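Student: Let's see this in three dimensions:
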Amino acid sequence: MNKGPKWLDTAIFYQIYPQSFSDSSGDGIGDILGIIERLDYIASLGVNALWLNPCWVSPMQDAGYDVADYMAVDPRYGTNDDLERLFVEAHKRGIKVCVDLVAGHTSIEHPWFKASCQPTPNAYSDRYVWTQSVFDGGDGSMRFVNGYAPRDGNFGINFFYCQPALNYGFAQPNPECPWQQPVDAPGPQATRQAMRDVMDFWLKKGADGFRVDMAMSLVKRDPGRVETIKLWQEMRAWLDANWPEAALISEWCNPTQALAAGFHVDFMIHFDVPGYPSLFLQREGGPWPGHSYFLREGKGTVTEFVGEYLKQRYACSEGYIAVPSGNHDFQRPNLLRGVDELEVIFAFLLTWPGVPFIYYGDEIGMRYLMGLPSKEGGYARTGTRTPMQWDDGPNAGFSTADEADLYLPIDPLPDRPTVAAQEEDDGSLLNHVRRLIELRHEWPALQAAGDMRPLVAEPWSYPFVYERRSGDERIVVAVNPAGRPVETTFKLDGVAKVDSLLARDATINVSGTTVHIAMAEVSYGIWRVS
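Tutor: Alright, predicted model coming up:
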């Protein structure tokens, strides 16, 4: 299997939560025309790819991850024509656009599910997982909703009650549960074809690929996800034959499995394989107890992340691992952090191998807003989905609607970060991110396929130092998130010259094969060595 579309080698993604990015209509909800109006800003960042969260017809019980029509844009965002125009306008600016594919489940409002609820067998009866009786509670391998429909059976769910699981079959059907169909049964095979039809539809409209929600969840009772891997290998082969430039990005969060399944990119984030929370999310009293490495308190360790990353990376012969700034499902990096800490985080993220993803607003340091009431199934995630902050005008430039009509509240603090203020400040986080992106584009060693090896990565110790390499090009990166000065000395062969590419309060000295780095509190350094 080939590595996939060449454009991923230099891709830097920007993730947009459509309802919170830019409202062109004045109804308080972001929309596709609003994204089009902001494309010049997006291009100015230097990013060259977008990932859009779902914008399909939906009752919005899970913010669009409960799809009622895979082939139609929800009217609150615009029309199919608007989305096609977004593809065209983004392409004019050298920006690819990937959309969200919710492959594992639909809404209870989807016509497929409504048909499957009927007591009379029809073409959609086996599109979802149903037990044979409302008194059959299953075998514990899935959660079920009972007593919902005229059909005598309970339907399996993947997440919320309103998200019935599509039927891709069972890898090891329980013989005591005849409703558990094998993966090659007609129902599961029809579901696979339906997903190919959805992908084909949007690729013909101009989409450049898909981020697949809960990609690992499709086949049930699947130890080691063996049959799920085979399913996606089949999908990848179909894409390679028909759409070889299309990207396939998974929310699997186990790169060893996901990349073997044929995905071009998989994430390391807050679930499945460990490591990511220890970088950014761990806090005393929080959902991830402990001490993040990237906190001024300087009590964390980078070794859990580095160890797991290397384990995953060296187990994968194809594809890329993505370590994002954040996303719609967990807290933003700016939760009780200063701008200097965010600068160090981005120095790490944009010099790390794989494909970077920047969540909208993280480039200006938007805050995670604690204590917001749940919106559209957001619950604790709601505080990371608030409107983009463009300027100091009404509603931070997000919308002309009345404040009470906004999708979510704007950050109420008077010093909230905005694009307009940071555009005018050369020392802002926004312009720091731009410089890092420019640096990544300039130096192949910093790009997705560049090699990486840790130089200094000690348990419960600072700084973290690593080398990026491509051919003869070598770059050393050091980050010190701790609120104290640190120094380190290590060996590195073949260094006669050092050029500073970007640094803050960090110095490097080389004597023969000995390298000494001294760093002030909360600092970083990026140097070319030759």
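Student: Which strand in the protein has the most residues?
Tutor: strand 514-529 (DSSP state E).
Student: Give the buried residues for that strand.
Tutor: With burial defined by 16 or more other CB atoms under 10 Å, the residues of strand 514-529 counted as buried are 515, 517-519, 521-529. For every residue, glycine as well, the C-beta is placed using N, CA and C.
Student: so for that strand, what's the average pLDDT?
Tutor: Strand 514-529 carries an average pLDDT of 98.
Student: Same check on stretch 232-245?
Tutor: 98.
Student: For that stretch, which residues meet the burial criterion?
Tutor: In stretch 232-245, counting by 16+ other CB under 10 Å, buried: 232, 235-236, 238-240, 243.
Student: Can you tell me what sits against it?
Tutor: Residues outside stretch 232-245 that contact it (CB atoms under 8 Å, 6 or more residues apart in numbering): 1-2, 5, 7, 192, 195-196, 199-200, 203, 208, 215, 246, 248, 250, 258, 261-263.
Student: Try it again at 6 Å.
Tutor: Outside stretch 232-245, the residues within contact range by CB atoms under 6 Å, 6 or more residues apart in numbering are 5, 196, 203, 246, 261-262.
Student: Spatially, what comes nearest to residue 58 if we skip its sequence neighbours?
Tutor: Once flanking residues are discounted, residue 58 sits nearest to residue 64: 4.7 Å by CB to CB, 6 or more residues apart in numbering.
Student: three-state assignment of the one you found?
Tutor: coil (DSSP: H, G, I helix; E, B strand; the rest coil).
Student: ok so, going back, and the longest strand of the chain, what does it pack against?
Tutor: helix 339-349, strand 473-480, strand 486-491, strand 498-511 (3 or more CB pairs under 6 Å, 6 or more residues apart in numbering; DSSP states H and E).
Student: Can you tell me which of these is most buried?
Tutor: With neighbours taken as mean count of other CB atoms under 10 Å, the helices and strands packed on strand 514-529 reach their highest mean count in strand 473-480, at a mean of 24.
Student: what's the angle from that one to strand 486-491?
Tutor: 150 degrees (axes from the mean of the first three to the mean of the last three CA atoms, to 10 degrees).
Student: after the helix or strand where residue 235 lies, next one along is what?
Tutor: Assigned by DSSP states H and E, residue 235 belongs to helix 226-242. Sequence order places strand 247-250 as the next helix or strand after helix 226-242, per DSSP H and E.
Student: Give me the contacts around the next helix or strand along the chain from that following strand.
Tutor: From strand 247-250 onward toward the C-terminus, using DSSP H and E, the following helix or strand is helix 255-260. The contact list for helix 255-260 (CB under 6 Å, 6+ apart) reads 225, 229, 250, 252, 266, 312, 315-316, 318-319, 321.
Student: cutoff 7 Å now
Tutor: Defining contact as CB atoms under 7 Å, 6 or more residues apart in numbering, one finds that helix 255-260 is touched by 215-216, 225, 229, 250, 252, 266, 268, 312, 315-316, 318-319, 321.
Student: Nearest to residue 304 among the buried residues of stretch 232-245?
Tutor: Distance to residue 304 across the buried residues of stretch 232-245 (CB to CB) is lowest for residue 232, with 27.9 Å.
Student: sorry, back to before: export the contacts of helix 255-260 to TSV and append columns for pLDDT.
Tutor: Converted to TSV, these look like this (pLDDT from 0 to 100):
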residue	pLDDT
215	98
216	98
225	98
229	98
250	98
252	98
266	98
268	98
312	96
315	91
316	89
318	89
319	96
321	97
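Student: Which of these ranks first by neighbour count?
Tutor: residue 266 (33 neighbours; other CB atoms under 10 Å).
Student: Out of the helices and strands packed on strand 514-529, the one nearest residue 414 is which?
Tutor: helix 339-349 (16.0 Å).
Student: what pLDDT, on average, does the closest one get?
Tutor: For helix 339-349, the mean confidence score works out to 98.
Student: Stretch 8-19 too?
Tutor: What stretch 8-19 shows for mean pLDDT is 98.
Student: how about that stretch: buried residues?
Tutor: Neighbour counts over stretch 8-19 (16+ other CB under 10 Å) mark 8, 11-19 as buried.
Student: Then stretch 267-275?
Tutor: Residues 267-270, 272-273, 275 are the ones in stretch 267-275 that count as buried (16+ other CB under 10 Å).
Student: gap between the two ends of that stretch?
Tutor: Start and end residues of stretch 267-275 are separated by 11 Å (CA to CA, to the nearest Å).
Student: List the contacts of that stretch.
Tutor: Contacts of stretch 267-275 (CB under 7 Å, 6+ apart): 251, 253-255, 276-277, 281, 304-305, 308-309, 312, 321-324, 327, 330.
Student: Just give the closest residue to residue 313, not the sequence neighbours.
Tutor: residue 321 (6.2 Å).
Student: on that earlier part again, and of the buried residues of strand 514-529, the nearest to residue 342?
Tutor: residue 522 (9.9 Å).
Student: Quick check: the gap between the nearest residue to that closest one once chain neighbours are set aside and residue 363.
Tutor: Nearest non-adjacent residue to residue 522, counting by CB to CB, 6+ apart: residue 340, 4.6 Å away. Distance, residue 340 to residue 363, using CB to CB, to the nearest Å: 15 Å.
Student: Could you do residue 90 as well?
Tutor: Residue 90 sits 18 Å away from residue 363, going by CB to CB.
Student: Show me which of the two is the more surrounded one.
Tutor: The neighbour count for residue 90 versus residue 363, taken as other CB under 10 Å, is higher for residue 363 (26 against 22).
Student: how much space is there between the residue nearest to residue 522 and residue 68?
Tutor: The gap separating residue 340 from residue 68 is 45 Å, by CB to CB.
Student: the strands in the stretch 151-300 of the chain, which residues?
Tutor: Here the stretch 151-300 of the chain has its strands, by DSSP state E, counting those that start in this stretch, at 155-157, 209-212, 247-250, 265-267.
Student: swap in the stretch 301-450 of the chain?
Tutor: Under DSSP E, counting those that start in this stretch, the stretch 301-450 of the chain gives strands at 320-322, 357-359.
Student: residues contacting the most centrally placed residue in the chain?
Tutor: Nearest residue to the geometric centre of the chain (CA atoms, centre = their mean): residue 327, 5.5 Å. Residues near residue 327 by CB under 7 Å, 6+ apart: 15, 269, 359.
Student: Among the residues you listed, which one sits closest to residue 456?
Tutor: When those are compared against residue 456 (criterion: CB to CB), the nearest one is residue 269, at 25.2 Å.
Student: Quick one: low-confidence residue ranges for the protein.
Tutor: Residues of the chain meeting the criterion pLDDT under 70: 1-3.
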